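Asker: Predicted structure and sequence below. I'll ask about it afterward.
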There are 4 protein chains.
Amino acid sequence: MHSFRNDYMEGAHPAVLDALVRTNAEQHPGYTEDAWCEKARRAIKREIARSDERGALSERGIDADELDVEFVAGGTMANLVSIAACLRPHECAIAAPDGHINVHETGAIEACGHKVLVTDDADGLLSVAGVDDVMKEHLYGSNFHMVKPRLLYLSIATETGLVPTAADLRSLRAYADEHDLLIFIDGARLACGLASQRCDASLADVCAAADIFTIGGTKNGALFGEAIVIRNRDVMRDFRFIMKQKGAVTAKGRLLGVQFDALFSTTGAQAGVEEAIGDEPLYFSLGRHAVAAAMALRETLVRHGFDAFASDSSTNQQFLLLDNERARAFMRLFDADEIAHPDSDHTVVRMTCSWATRKEDVEAVDRELARMETA
Amino acid sequence: MHSFRNDYMEGAHPAVLDALVRTNAEQHPGYTEDAWCEKARRAIKREIARSDERGALSERGIDADELDVEFVAGGTMANLVSIAACLRPHECAIAAPDGHINVHETGAIEACGHKVLVTDDADGLLSVAGVDDVMKEHLYGSNFHMVKPRLLYLSIATETGLVPTAADLRSLRAYADEHDLLIFIDGARLACGLASQRCDASLADVCAAADIFTIGGTKNGALFGEAIVIRNRDVMRDFRFIMKQKGAVTAKGRLLGVQFDALFSTTGAQAGVEEAIGDEPLYFSLGRHAVAAAMALRETLVRHGFDAFASDSSTNQQFLLLDNERARAFMRLFDADEIAHPDSDHTVVRMTCSWATRKEDVEAVDRELARMETA
Amino acid sequence: MHSFRNDYMEGAHPAVLDALVRTNAEQHPGYTEDAWCEKARRAIKREIARSDERGALSERGIDADELDVEFVAGGTMANLVSIAACLRPHECAIAAPDGHINVHETGAIEACGHKVLVTDDADGLLSVAGVDDVMKEHLYGSNFHMVKPRLLYLSIATETGLVPTAADLRSLRAYADEHDLLIFIDGARLACGLASQRCDASLADVCAAADIFTIGGTKNGALFGEAIVIRNRDVMRDFRFIMKQKGAVTAKGRLLGVQFDALFSTTGAQAGVEEAIGDEPLYFSLGRHAVAAAMALRETLVRHGFDAFASDSSTNQQFLLLDNERARAFMRLFDADEIAHPDSDHTVVRMTCSWATRKEDVEAVDRELARMETA
Amino acid sequence: MHSFRNDYMEGAHPAVLDALVRTNAEQHPGYTEDAWCEKARRAIKREIARSDERGALSERGIDADELDVEFVAGGTMANLVSIAACLRPHECAIAAPDGHINVHETGAIEACGHKVLVTDDADGLLSVAGVDDVMKEHLYGSNFHMVKPRLLYLSIATETGLVPTAADLRSLRAYADEHDLLIFIDGARLACGLASQRCDASLADVCAAADIFTIGGTKNGALFGEAIVIRNRDVMRDFRFIMKQKGAVTAKGRLLGVQFDALFSTTGAQAGVEEAIGDEPLYFSLGRHAVAAAMALRETLVRHGFDAFASDSSTNQQFLLLDNERARAFMRLFDADEIAHPDSDHTVVRMTCSWATRKEDVEAVDRELARMETA
């Protein structure tokens, strides 16, 4: 039975794996200074420019060619390197309470010396109001007895599968500009976030909103790897020094270049992804596929009476809210992830789809649930 | 023309790559908690036990089964996580002046809060005498105005291709025991170090000498990845927390498990490595191959009059000492690495072999040099 | 008009200042290794032993003679050095939301690499239930994706003038023992805390509950200086190295020794403190005086209709809850500290007494308020 | 017998102590935001402007009024706060091998995350040539595998009593400007350094050369305290946040203000210092006194045949080079500081004078040595 535990259970999408195999014998310089990384950088910048239908980049005077794109092996690494490059010692990040950097990175940001302040955005979507409350409590950074808020951390999608809109991103950016704040967007699940029906933002919108953001490969078709896109020139400066210091420079950097090139230079249609739209890069088609699978899964669950969810996720992760007994029955049938106990009677079970989830995997769920009902 | 610039220019050895391709569609839990990582752990421990011909493990009461084996993506990461796990805030490492942590990791250890003290071991081989001088200067750790030496850092092989003997390792261990010091051995090039004719130490000897050491995959057949072997129980405690905090836990940990399993469960003979001895794991055969290639290369260079070396390397890296003009001529022929200028007239050029260097690559060097002579 | 803004507006109590003047010409070794520091250490240990009426020390097998006592210049320094000495990199502190280390030390603990987790103890008194909720969320320290809770931070008194009872301290200690947690008690206002009518705990009870705690001098009669008392042997080890590294070793350490000796070797009665009880050290008499002044002040305020308080403080700080207009009127009369705006209509005004507040200072408040009423 | 062990054995100069006593009952706001600190700041800036006989400030367009002056309790604290404010994570300091931050601060700079690189300036005087060698090795900051040199650390005087000239300072400044380096000057013993006959630099010259420097009070008449003068606007920004985070903000900041005001607003002549010149502030007269005492002491030592010195110190510390037996005899007579053993036969003994050393203390040395000779 297919496992729905998370979206990093398989290796790489075949198109990515093939690229690695095909280029394996090539000799390249190390440390992401090779031709594949350069090609991937260009492809990513090209896609950022191409996706700017709303004109968000030009409105802010951003030239995609002048962006810096770096590659690191994993998501926590991407987050900590990016944030370390942004902050002076007394400065801190603001995140929603369930922000990945706040809860699930074992204090990686604090280990770089910086506090993470949390808003009261209980749904995990960082809001201007939530940020402003924190700013107010910290006297807008004017009280040296308290940390100085300097960076907004948000993720697309959030931990519970929610997504900001393009308008949300613009509002946060306007607030940040007004209060001398930087914005970092954690895109570990960016492809799924952008593929959500609820998200009208494009890659360009993300780029226009952020000083620095990541494009997650690990959970979207790569064996491993995250791209970091840097717009802010101060943050860009000496970025690779900070990467190296944190152990984030990959010796065989070409591995990252080859993978991101495959994800951004190949189209989803070429790679045979059914959900592909136009000539969008494979990267986005894979996100689209994962979300489509999750929507089909959700529909299946609801049809079988599993219609209570802990969050109104429109992305690739679905969060069933079950009473404990039903959760136990469910977990006997499926390999899912028991992630929380909101009270002593209930359990939240996460079912995750990915680029690797097939139609038949969802159909099998349908069959199992039907069997359970008749049992 | 084959590049001799370094030993991480290609992807993975075909046996390793095949294993990744073969297992790509399997679903596994993340974070090195999968079955492949478990299998690789067992294989590494088995090999440690098997290699204990000298009885170094039993002499120190070490049971290989009780070792902890962790996997991370890269070498700087392996070093910084290992050292961070060893030290309290005021404690520091002692290394030879050219130690990788001292020079080429952009202050990664200092970024974890710890000073690196250096001995006067100009050849890069950490010596008891060198360490004792540093200890004496620091009043053997009794003066709270100075950092407290706590960890010896050495690498096998060193930056200039030298190797300690089993007796060297025993002496350092004895000194460390006497002065309450830990030993960390950086094995980024462990396979080549152990394959050196000058090194009589086995994997077991390394394990017996160290509190914690690494087994480098990146430069010896893997796409990427280093194993960290931990003997000391205090260092072992909560090690994965520290890994996670530093961004060193690989989401698809199975990638590391699959690769290290291929390197340690397959024999070199099975994988068709000519230099393989007995049923030694592929890992060691690859090191043996790289060193054999380097010895052939060295012999070729010497034969053509390139007989001055900056270090008496017996491993896979050879360091030509050339006057500047000759260096320029050499570099026009070969893709090598210009690594130092010991004085204004001379250049050190590094030629590196690896598991991927073929006989014909060395023969091509022979032909090029012959052509140069007749030109 | 006397300022009630805080409890560090004056210099030192005359008995302390006299001691500094008297010993000024003496020559002493530095770094708290002098005879006065030794004398002060003995006096503090003696007082800890003497105050153990409940038998808390002997119950836990604590010999006051084996405690370590260190001296540093200020409170944030005392906190950060103590906590840095307690924690490995991935370990963290748990505090109430308004804990000084969480809000008012500019991320000093995070700058040492450690996260501060907060309970939902809205009143600022760390509770076993609050701690257990945090522990539960962190799977009792078993999930390496999250920080590992390791230290309970509490202060006597809290930021809002509350105090734990001896029973509270015993419960926290029992919980800590059960879950392998350390306890650090911030005693910046320890004297006032222990002088509270609500606090039945003695200095010995504090010592028995804590692995490490501080005895604040800055806010209780000293020019500056905090004593750190360490019971836990692992925390004690190399403590002065960590002090030195953080800049916390005072060159003329004798200044701290002389002051704490004056506070603990002189009795309050000898120094002429009216509130002194028996032969208690001056240190405690000064706390008693400050609390008595605050109780008189509170009674005065209530008598004049200022009877709404933001916290039920029984110590030297009183927190008036006023509507904004009344707050403005009040602040025109008195030099107090406007510390919070719980909503848009209200202001919290803090009035603080100290060892330096005289009867006539409180009487002047009475007169001013009477005048205001008749105005 | 007077001890010559170091220059922080006594309390404060009477003029300073009197000022503390006189102002003890005053009420002041905390955290160096009081009127005394403001007065001291103005006095220090005034003196910087006044001392600019050479025109170094105006030449560099420096307006003393726009300097920032901060106060902290001790020297290590001053150094670590200043350097932490200057550097991004991957940047590092360059110092002479015996630099205080490199040897005697228990890794305080590394604990802030930064490496300290050392030149080969064996005499402890940082030289342009020494710095350039380090810069060259680090490819002038262009190689991200190595730390990026960013700050020059020098002290006036050095650990062995040497002093740079005004020309030395100008050269270092020119080099720093050329290579985008900052300069931090540790002035823990600034008064004695500037009082040296060999030092032609003024306070203004120091200010013109440095981006940030300290004026040490602890070893020159204060009970404790160092002023930090910041010229560089980027370093100035949020400086007090970083101070607070490191525990360096003194609650009763007025203590520092009162002391530095006494040292800079009183003249040495007013305070009765015999060596005072013109209307120079007491601070400089005290340095002058200490150096005069040391010169008299040196002359006395030489006269009695103690004429071998480990360093050619022209400041308040003298470093006798003695064979071990003679050192033992000497140490039986005097309370001095045995600081090094350059080889197995010799000992370096440090004799330190200070503002508190009286003529009769030196005469007593003369008598003792005479007695020893006749014995």
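Answerer: Looks like it arrived, so ask away.
Asker: Could I get the full set of helices for the stretch 151-300 of chain A?
Answerer: A:166-178, A:190-195, A:203-209, A:233-236, A:239-245, A:254-265, A:282-303 (DSSP state H, counting those that start in this stretch).
Asker: looking at these, which is closest to C:D312?
Answerer: helix A:166-178 (37.8 Å; CB to CB). For glycine as for every other residue, the C-beta is placed from the backbone atoms N, C-alpha and C.
Asker: so, in contact with chain C or not, stretch A:348-364?
Answerer: No: under the criterion of CB under 8 Å from any CB of the partner chain, chain C is not reached by stretch A:348-364; the shortest gap measures 13.6 Å.
Asker: So which bits of that stretch are buried?
Answerer: For stretch A:348-364, burial by neighbour count (16 or more other CB atoms under 10 Å in any protein chain shown) applies to A:348-357, A:361-362.
Asker: ok, now stretch A:263-274?
Answerer: Within stretch A:263-274, judged by 16+ other CB under 10 Å, the buried ones are A:263-269, A:271, A:273.
Asker: again, but for stretch A:271-291
Answerer: A:271, A:273, A:275-276, A:280-291.
Asker: still on that earlier bit, mind giving me JSON lines with the helices of the stretch 151-300 of chain A and columns for distance to chain B and mean pLDDT?
Answerer: Below are the helices of the stretch 151-300 of chain A laid out as JSON lines (distance: least, CB to the nearest CB, whole Å; pLDDT from 0 to 100):
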{"stretch": "helix A:166-178", "distance to chain B": "25", "mean pLDDT": "98"}
{"stretch": "helix A:190-195", "distance to chain B": "15", "mean pLDDT": "98"}
{"stretch": "helix A:203-209", "distance to chain B": "22", "mean pLDDT": "98"}
{"stretch": "helix A:233-236", "distance to chain B": "17", "mean pLDDT": "98"}
{"stretch": "helix A:239-245", "distance to chain B": "4", "mean pLDDT": "98"}
{"stretch": "helix A:254-265", "distance to chain B": "6", "mean pLDDT": "98"}
{"stretch": "helix A:282-303", "distance to chain B": "15", "mean pLDDT": "98"}
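Asker: closest to C:E159 out of those?
Answerer: Nearest of the helices of the stretch 151-300 of chain A (CB to CB): helix A:166-178, 29.5 Å.
Asker: just checking, what packs against the closest one?
Answerer: Counting by 3 or more CB pairs under 8 Å, 6 or more residues apart in numbering or on different chains; DSSP states H and E, the packing neighbours recorded for helix A:166-178 are helix A:128-137, strand A:148-155, strand A:182-186, helix A:203-209.
Asker: I'd like the ones you listed as CSV, with mean neighbour count appended.
Answerer: Output for those, formatted as CSV (neighbours: other CB atoms under 10 Å in any protein chain shown):
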stretch, mean neighbour count
helix A:128-137, 16
strand A:148-155, 25
strand A:182-186, 25
helix A:203-209, 26
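Asker: A:K115 contacts C:E105, correct?
Answerer: No: between A:K115 and C:E105 there is no contact under CB atoms under 8 Å: 10.0 Å.
Asker: What's the local residue count around A:M236?
Answerer: 17 (other CB atoms under 10 Å in any protein chain shown).
Asker: thinking again about what came up before, and which of the buried residues of stretch A:271-291 is nearest to D:A340?
Answerer: Distances from D:A340 to the buried residues of stretch A:271-291, taken by CB to CB, are shortest for A:Y283, at 62.9 Å.
Asker: OK, contacts around the closest one?
Answerer: Counting by CB atoms under 8 Å, 6 or more residues apart in numbering or on different chains, A:Y283 touches A:47, A:191, A:215, A:217, A:220-221, A:263-264.
Asker: and the residue of the stretch 151-300 of chain A nearest chain C?
Answerer: Closest residue of the stretch 151-300 of chain A to chain C, CB to the nearest CB: A:E159 (12.2 Å).
Asker: returning to that earlier point: how about the helices and strands packed on helix A:166-178, which one is nearest C:R170?
Answerer: Per CB to CB, nearest to C:R170 of these: helix A:128-137, 34.0 Å.
Asker: Quick one: list the elements packing against that closest one.
Answerer: Against helix A:128-137 (3+ CB pairs under 8 Å, 6+ apart) you get strand A:91-95, strand A:148-155, helix A:166-178.
Asker: A:T214 and A:N79 touch, don't they?
Answerer: Yes: contact criterion CB under 8 Å: A:T214 and A:N79 qualify, at 7.4 Å.
Asker: Now list whatever residues contact both of those two.
Answerer: A:D186.
Asker: now A:D18: how far from A:A227?
Answerer: Distance check for A:D18 against A:A227: by CB to CB, to the nearest Å, it reads 20 Å.
Asker: Tell me which of those two has more neighbours.
Answerer: Legend: neighbour count by other CB under 10 Å for A:D18 and A:A227, higher for A:A227 (27 against 15).
Asker: Now do the contacts for that one.
Answerer: A:40, A:44, A:69-71, A:214-215, A:217, A:256, A:260.
Asker: likewise A:R46?
Answerer: A:64, A:264.
Asker: 10 Å instead, please
Answerer: A:64-65, A:264-265, A:281 (CB atoms under 10 Å, 6 or more residues apart in numbering or on different chains).
Asker: again with A:V163
Answerer: Going by CB under 10 Å, 6+ apart, the list of residues near A:V163 reads A:125, A:155-157, A:189, A:192-201, A:313-315.
Asker: Filter those residues down to the buried ones.
Answerer: Of the members of those, the ones counted as buried by neighbours, 16+ other CB under 10 Å, are A:125, A:155-157, A:189, A:192-196, A:199-201, A:313-315.
Asker: Which of those residues sits closest to D:H138?
Answerer: Distances from D:H138 to the buried ones among the contacts of A:V163, taken as CB to CB, are shortest for A:S155 (36.8 Å).
Asker: Local confidence estimate at the closest one?
Answerer: On pLDDT, A:S155 comes in at 98.
Asker: If it is in a bridge, with which residues?
Answerer: Note on A:S155: beta-bridge partners A:D186, judged by DSSP bridges.
Asker: again with A:T267
Answerer: Judged by DSSP bridges, the bridge partners of A:T267 are A:P281.
Asker: That one contacts A:E280, doesn't it?
Answerer: Yes: distance between A:T267 and A:E280: 6.4 Å, which falls inside the contact criterion (CB atoms under 10 Å).
Asker: what sits in contact with each of the two?
Answerer: Joint contacts of A:T267 and A:E280 (CB under 10 Å, 6+ apart) are A:V273.
Asker: which stretch among the helices of the stretch 151-300 of chain A comes nearest B:A209?
Answerer: helix A:239-245 (28.2 Å).
Asker: Any residue of that closest one touching chain D?
Answerer: Yes: judged by CB under 10 Å from any CB of the partner chain, helix A:239-245 and chain D are in contact via A:239-245.
Asker: So which of those reach chain C?
Answerer: Of those, not one also sits near chain C (CB under 10 Å from any CB).
Asker: Could you dump the residues you listed into TSV with distance to B:W36 and neighbour count added?
Answerer: As requested, these are exported to TSV (distance: CB to CB, whole Å; neighbours: other CB atoms under 10 Å in any protein chain shown):
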residue	distance to B:W36	neighbour count
A:F239	33	21
A:R240	32	22
A:F241	34	24
A:I242	32	28
A:M243	28	28
A:K244	29	25
A:Q245	31	29
